[in-house]
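K.L.:
Make a model of this:
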Amino acid sequence: MMHIQKEKYINPLTDFGFKKLFGTEPNKILLIDFLNQILPDKKIADLSYASGEKQGLTELDRKAIFDLYCISDKGERFIVEMQKAKQNYFKDRSVYYASFPIQEQAEKGDWNFKLEPVYTIGILDFIFYEGKEEIEPLQMVELKNQKNEVFYDKLKYIYIELPKFKKTAEDLFFRFEKWLYVFKHLSRLTDRPQKLQEKVFEQLFRNAEISKFTPNERVSYQKSLKYYRDLKNVTDTARDEGKVEGKIEVAKNLKTMGLSMEQIVQATGLSKGEIEVL
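P.N.:
Reported below is the predicted structural model:
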């Protein structure tokens, strides 16, 4: 028998949670508000959900299914993806996905090739730029020339690295920060924090309350939550193992350089026993 989740609020990083909160017509105000916090120079008044499944020329094209695909009232296209773990060729995948909203704008007959803006937004539950000193959670990418001048302003890739966001509920000031806090901490909250009292968050917390789900919704959410936890466990284990391997390489180099056992232990965090067998 499947156990009902004990948390009060849904985890928005699960497939089910993300689409329930941001991918339904009654809740599109939540998505609009979030997008308006990250867009550099545009504000969305309204949007409509389009099919996430693309009808491309090849079988591979038809397998390109977005989490959310929306079109604003001004014609701007938005791909919004929740990424729980790193993937091979992640950048390539982003560029490939952005090609569909571009190609679908082609008009039959005479056409002047004028395109509406396309935005790919990735909400990442991992650090994209490993090893970088940059602590800003939001990265924006666009086409520029060798003088760092924008060459084309209608194609933007926006990535939000959630692990880089460290603020507590008491430190929240900007609406963008509040949204990042919701993504990271919603499922661990028991009440709505004082800094999240705006009307839009009232609607979010109301729709995120698990006790109000139908039986079918609870089953679907539980399956989605299990997948999220299993995937997170695998990726965390792989990352930890990678850190250990890195420490071993450092310890080998330090040992070759003639450093003492105590110095190597202090530098790497490995035990004396782990170092002695190298």
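K.L.:
How many neighbouring residues does residue 107 have?
P.N.:
Residue 107: 9 surrounding residues under other C-beta atoms under 10 Å. C-beta coordinates here come from the backbone N, C-alpha and C atoms, glycine included.
K.L.:
And residue 118, by the same measure?
P.N.:
Neighbours of residue 118 (other C-beta under 10 Å): 20.
K.L.:
cool, and residue 162?
P.N.:
With neighbours defined by other C-beta under 10 Å, the count for residue 162 comes to 18.
K.L.:
Can you give me every residue that contacts it?
P.N.:
Contacts for residue 162 (C-beta atoms under 8 Å, 6 or more residues apart in numbering) come out as 13, 123, 124, 125, 137, 180, 183, 184.
K.L.:
okay, now the residue lying closest to the fifth one once chain neighbours are set aside: neighbour count?
P.N.:
Right, the one you point to is residue 137. Excluding its sequence neighbours, the residue lying closest to residue 137 (C-beta to C-beta, 6 or more residues apart in numbering) is residue 164, at 4.1 Å. Residue 164 sits with 18 neighbouring residues when counted by other C-beta under 10 Å.
K.L.:
isn't residue 164 right next to residue 139, touching?
P.N.:
No. Residue 164 lies out of contact with residue 139 (C-beta atoms under 8 Å); the separation is 9.6 Å.
K.L.:
Sketch out the helices for the stretch 151-278 of the chain, chain order is fine.
P.N.:
Counting by DSSP state H, counting those that start in this stretch, one finds helices in the stretch 151-278 of the chain at the ranges 175-185, 199-207, 215-256, 261-268, 272-276.
K.L.:
At the geometric centre of this protein, which residue sits there?
P.N.:
Of all residues in the chain, the one closest to the mean position by C-alpha atoms, centre = their mean is residue 123, 1.7 Å from it.
K.L.:
Just confirm that residue is within a strand.
P.N.:
Yes. Counting by DSSP: H, G, I helix; E, B strand; the rest coil, one finds residue 123 located in a strand.
K.L.:
Please list all residues in contact with it.
P.N.:
By C-beta under 8 Å, 6+ apart, the neighbours of residue 123 are 80, 81, 82, 83, 160, 162, 183.
K.L.:
so which pair among the residues you listed is furthest apart in space?
P.N.:
80 and 162 (14.2 Å; C-beta to C-beta).
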